[in-house]
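# my questions concern the predicted model and sequence given below.
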Amino acid sequence: MLVKEIMKTQLVTLNADSKLGFANDIMYLGRIRHLPVVKGENIVGILTQRDLYRASLTSLLTNWKENKEFLDSIKVSEVMAKNVITTTPDTTIEEAAQIMIDKKVGCLPIVKDKNKLIGLITETDVLQYYVDESGKKK
C-alpha cells in the first residue's frame, strides 16, 4: 500500500514568522505533535512538540505568564527543523516506516514537485495501518 492512501491531507500549518506561543496553543488545543512550516505551498521546516519543549525550558524557572510571554517573543523559524525529511505520495508505507525509523523522526511530510506540501504521515498513521492489516488476517 502507498503513503497516499493513508496520509492526512487536511493539515494545520504555520508560517515561519508565526510565534511559538501561537504554535504551542495550536498543538495543545488540537493535540498535534508535528506542524509543517510553509512558505506559500512549499514546506520550509517542521516544528515538533519536542522543539517547543526545548524552547520552553525556561518554564522550569519562570511562571506560566512569563513563559507565555517568552514563547510569544520567539519566531517559529528560530526553533523549527529546517532540513526536513520528506517523501512522495507513491512511497510504500513500509518504506516510509523505515525512513522514520532510520532518521528517528515521528512524521514525514508528503511532497510533490520537490517541496509542495500535499500531506503528512505520522508514526501513529503507520501503526494504525499495521493494526488494521493485522486485524484483517484474523
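Yes, it's here.

# what's the neighbour count on the closest residue to residue 125 other than its chain neighbours?
In this structure, residue 125 finds its nearest non-sequential neighbour in residue 6, 5.4 Å apart by CB to CB, 6 or more residues apart in numbering. Where you see a C-beta, it was placed from the backbone N, CA and C, and this is true even at glycine. A count of neighbours around residue 6, defined by other CB atoms under 10 Å, yields 17.

# repeat that for the one 5 residues further on.
By other CB under 10 Å, the residues close to residue 11 number 17.

# surely it is in a helix?
No: under DSSP: H, G, I helix; E, B strand; the rest coil, residue 11 sits outside any helix and is assigned coil.

# averaged pLDDT, stretch 49-57. What do you get?
Averaged across stretch 49-57, pLDDT comes to 81.

# that one: how far from the chain's middle?
Its chain's C-alpha centre lies 14 Å from the corresponding centre of stretch 49-57 when counted by CA atoms, centre = their mean, to the nearest Å.
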